[in-house]
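1. Sharing a model prediction with you, sequence too.
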Amino acid sequence: MRLIVKLAKGLAAAVVVAVAGGLAWLAVFPPELLRIGDGYAAKIVCSNVFIAGRDAQKVLGEDVQAPGNPLLRLIRVSVDRDQGTVTARVLGLFAPGYALYRGELGCVSVPDGDLTAARNAAPAPDATKAVAGEEPWPEGDRVELDRQGRIAALVADQSLAGPGMRAIVVVHDGRIIAENYGEGFSADTPLLGWSMTKTVNAAVIGRLMQEGRMSFDDANLLPLWEWDARARIRLSDLLSMESGLAFNENYGTVADVTRMLYLEPDMASLPENAPLEAQPGARFRYSSGTAILLARIWMNRLKDESTALAYPHEALFAPLGMTSAVLEADERGTFVGSSYLYATARDWARFGLFLLQDGVWNGKRLLPEGFVGAMRTPTQASNGRFTQVQAWLAGPGGSSSAQTGLPEDTFWLQGHDGQSVAIVPSAGLVVVRLGLTPLRQGYRPQALLKEIVAAVAAP
């Protein structure tokens with residue numbers, strides 16, 4: 001009996017030592033997966049609290065934990081509104097992730113934990129944001145809807161709007177004709193576009209092209225590439241996702257994309273140092289890393305950091321009246337042109353209308369002739385799914401617009417978890433659909449768009 005008691009005590013002591021050792025290891029050397037989870041949680045909560053004005057715990061539960069990896073349910077967050085910071089920790093103890101609010105630049109993930117350096121790294125843009133007036137949309141924010149109409153019934157149909165819908169806006173012939181918002185969201189709520197940001201980032205490049213500062217044929221794009229084969233990569237190769245650079249876009253694990261977004265203070269450094277694994281222009285590989293590189297490249301063309309940080313607002317958002325738009329930057333001050341633009345659904349609709357009008361706004365050409373045409377032109381390497389300039393011909397989850405029965409000139413902005421802007425020039429239509437709808441739920445916005453196209457065509 002004594003032997004059994006001794007063995008039990010010894011086993012218990014061993015368990016205590018093992019648990020203590022494991023906890024100490026997690027505290028000192030947290031696995032990358034845990035650091036990524038906490039970094040992601042801190043960043044998403046920060047942006048939604050300080051930009052969208054939402055409740056932190058609700059964002060943690062609905063946006064971070066509910067749709068994601070089960071490990072995310074172990075994360076706890078704390079918000080310091082005075083300092084503009086959010087801290088996330090697994091079980092409230094381990095692998096801390098930090099995010100910092102920087103005013104007009106929104107929130108930034110701070111993977112190295114140096115909040116002071118992050119605060120000072122990117123000066124606030126010297127730009128005053130306008131407030132939308134009472135003029136009719138898109139000049140102002142006054143919208144008059146027929147809430148009993150055919151389109152209103154379509155956007156209110158839950159089977160067409162899809163699970164997790166947060167906003168739908170329908171624009172026809174330049175005016176909003178219907179909109180619908182999920183519970184807790186409104187026309188004033190800025191929402192994250194995720195990878196739809198890539199197309200906006202490309203439009204910023206188009207503004208620089210219109211000013212004669214960049215061209216599709218530009219090569220020798222970064223100093224690091226000057227003396228190797230990457231010097232042959234052209235701007236057009238990056239815009240069409242055909243750079244040939246190695247990049248892993250797998251979000252289900254620790255991959256290049258998650259490491260870039262949540263472990264790298266200088267996000268562009270990871271794709272910038274990536275090797276070539278194919279000849280530029282020969283192979284399509286969807287890559288958020290190329291979008292970050294595009295942001296670094298266009299920012300390098302401007303005379304100083306302050307000018308570059310103010311440029312998206314001055315050159316694009318202000319002319320279009322996108323008063324809610326916040327394009328976020330990384331810890332070192334490079335815009336996260338792959339992922340992080342927050343804007344209201346009406347402002348996403350303004351951008352869609354801008355593309356519908358071929359890059360012309362209020363009679364002024366802001367994008368070069370042919371630029372939006374390239375945004376609608378399929379690439380051979382993507383089998384016709386992607387276009388020459390950071391947009392999609394295939395709707396979310398589909399192979400091509402033709403196969404879904406939509407007009408052949410339909411093209412799309414697409415983002416993670418159910419974000420889309422559909423542009424149908426032949427029908428004079430823009431349809432924005434935003435939400436929290438993981439792809440595994442099987443929702444596709446094509447069905448909604450088909451019904452709207454048919455409705456506006458009907459007598």
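-> Here it is on my side, so go on. Residues are numbered from 1 along each chain as shown.
2. how does the protein divide into domains?
-> 32-111, 171-457 (automatic domain parsing).
3. For residue 152, find the nearest of those.
-> Nearest of these to residue 152, taken as C-beta to C-beta: domain 171-457 at 4.8 Å. (Each C-beta comes from the backbone N, C-alpha and C, glycine too.)
4. Return the distance of that closest one from the chain's centre.
-> In terms of C-alpha atoms, centre = their mean, to the nearest Å, the centre of domain 171-457 is set 8 Å apart from its chain centre.
5. Start and end of it, how far apart?
-> One end of domain 171-457 to the other measures 14 Å (C-alpha to C-alpha, to the nearest Å).
6. and that domain, what's its mean pLDDT?
-> On average, the pLDDT along domain 171-457 is 96.
7. Give me the phi and psi for the closest residue to residue 122 other than its chain neighbours.
-> Using C-beta to C-beta, 6 or more residues apart in numbering and skipping residues adjacent in sequence, the residue nearest residue 122 is residue 333, 3.7 Å away. For residue 333, the backbone dihedrals are phi 100, psi 10 (criterion: degrees, to the nearest 10).
8. what about residue 333, how many neighbours?
-> When neighbours are counted by other C-beta atoms under 10 Å, residue 333 registers 20.
9. which stretches of the stretch 51-200 of the chain have low pLDDT?
-> For the stretch 51-200 of the chain, applying pLDDT under 70 flags the ranges 126-132.
10. Please, where are all the helices along it?
-> Counting by DSSP state H, counting those that start in this stretch, the stretch 51-200 of the chain has helices at residues 56-59, 115-121, 150-156, 158-161, 196-210.
11. ok, back up a step: can you list the domains of the chain in CSV and add distance to residue 156?
-> Converted to CSV, these look like this (distance: least, C-beta to C-beta, whole Å):
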stretch, distance to residue 156
domain 32-111, 22
domain 171-457, 6
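12. Which one of those lies nearest to residue 141?
-> Checking the domains of the chain against residue 141 by C-beta to C-beta gives domain 171-457 as the closest, at 6.8 Å.
13. Pick the most deeply packed of the helices of the stretch 51-200 of the chain.
-> helix 196-210 (a mean of 24; mean count of other C-beta atoms under 10 Å).
14. Tell me which helix or strand comes right after that one.
-> helix 235-239 (DSSP states H and E).
15. Which strands or helices does that following helix pack on?
-> Here helix 235-239 touches helix 196-210, helix 288-300, going by 3 or more C-beta pairs under 8 Å, 6 or more residues apart in numbering; DSSP states H and E.
16. where does the residue nearest in space to the middle of the chain sit relative to residue 435, distance-wise?
-> With distances taken as C-alpha atoms, centre = their mean, residue 194 lies nearest the centre of the chain, 2.0 Å away. Distance, residue 194 to residue 435, using C-beta to C-beta, to the nearest Å: 11 Å.
17. overlap in contacts of these two?
-> Counting by C-beta atoms under 8 Å, 6 or more residues apart in numbering, the common neighbours of residue 194 and residue 435 are 417, 419.
18. which ones are touching residue 180?
-> The contact partners of residue 180, taken as C-beta under 8 Å, 6+ apart, are 152, 155-156, 161, 165, 167-168.
19. hang on, the earlier thing: format the helices of the stretch 51-200 of the chain as JSON lines; extra columns: distance to residue 263.
-> Putting the helices of the stretch 51-200 of the chain into JSON lines (distance: least, C-beta to C-beta, whole Å) gives the following:
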{"stretch": "helix 56-59", "distance to residue 263": "22"}
{"stretch": "helix 115-121", "distance to residue 263": "14"}
{"stretch": "helix 150-156", "distance to residue 263": "39"}
{"stretch": "helix 158-161", "distance to residue 263": "36"}
{"stretch": "helix 196-210", "distance to residue 263": "20"}
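20. so which of those helices gets nearest residue 296?
-> Among the helices of the stretch 51-200 of the chain, if distance is taken as C-beta to C-beta, the winner is helix 196-210, at 10.8 Å.
21. how big is the angle separating the closest one from helix 288-300?
-> Angle, helix 196-210 to helix 288-300, by axes from the mean of the first three to the mean of the last three C-alpha atoms, to 10 degrees: 30 degrees.
22. still on that earlier bit, can you tell me, leaving aside adjacent residues, what's nearest to the residue nearest to the centre of the chain?
-> Excluding the flanking residues, the one nearest residue 194 by C-beta to C-beta, 6+ apart is residue 415, at 3.3 Å.
23. Name all residues that make contact with that neighbour.
-> Contacts of residue 415 by C-beta under 8 Å, 6+ apart are 192-197.
24. Distance to residue 138 added to those, as CSV?
-> As requested, the contacts of residue 415 are exported to CSV (distance: C-beta to C-beta, whole Å):
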residue, distance to residue 138
192, 21
193, 18
194, 23
195, 24
196, 18
197, 20
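25. Report the two of the residues you listed separated the most.
-> The largest separation in the contacts of residue 415, counting by C-beta to C-beta, is between 192 and 195 at 10.2 Å.
26. the more surrounded of the two?
-> A side-by-side neighbour count of residue 192 and residue 195, using other C-beta under 10 Å, places residue 192 first with 26 against 19.
27. Just grab the bridge partners of the more buried one for me.
-> Applying DSSP bridges to residue 192 gives these bridge partners: residue 342.
28. quick one, strands of the chain?
-> 75-80, 85-90, 94-101, 107-109, 165-172, 175-181, 191-192, 326-327, 341-343, 360-361, 364-365, 411-415, 419-424, 429-435 (DSSP state E).
29. want to throw these into CSV with distance to residue 261?
-> Putting the strands of the chain into CSV (distance: least, C-beta to C-beta, whole Å) gives the following:
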stretch, distance to residue 261
strand 75-80, 16
strand 85-90, 14
strand 94-101, 11
strand 107-109, 7
strand 165-172, 22
strand 175-181, 28
strand 191-192, 13
strand 326-327, 15
strand 341-343, 14
strand 360-361, 31
strand 364-365, 34
strand 411-415, 14
strand 419-424, 16
strand 429-435, 20
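30. Tell me which of these sits nearest to residue 256.
-> Distance to residue 256, taken as C-beta to C-beta, is lowest for strand 107-109 among the strands of the chain, at 15.7 Å.
31. The closest one - which strands sit beside it in the sheet, and in what orientation?
-> As defined by DSSP bridges, the strand partners of strand 107-109 come to strand 94-101 (antiparallel).
32. May I have the partner strand exported as CSV, CA atoms only?
-> C-alpha atoms of strand 94-101 as CSV (Å, rounded to 0.1, in the frame of the first residue of the first chain):
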residue,chain,number,x,y,z
PHE,A,94,0.5,33.3,-23.3
ALA,A,95,1.9,34.4,-26.7
PRO,A,96,0.8,38.1,-26.4
GLY,A,97,-0.3,39.8,-29.6
TYR,A,98,-0.5,43.6,-29.8
ALA,A,99,-2.3,46.1,-32.0
LEU,A,100,-2.2,49.9,-32.0
TYR,A,101,-4.6,52.5,-33.2
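33. what about the nearest residue to residue 296 once chain neighbours are set aside, neighbour count?
-> Closest residue in space to residue 296, ignoring its immediate chain neighbours: residue 268 at 4.2 Å, by C-beta to C-beta, 6+ apart. Residue 268 is flanked by 24 other residues according to other C-beta under 10 Å.
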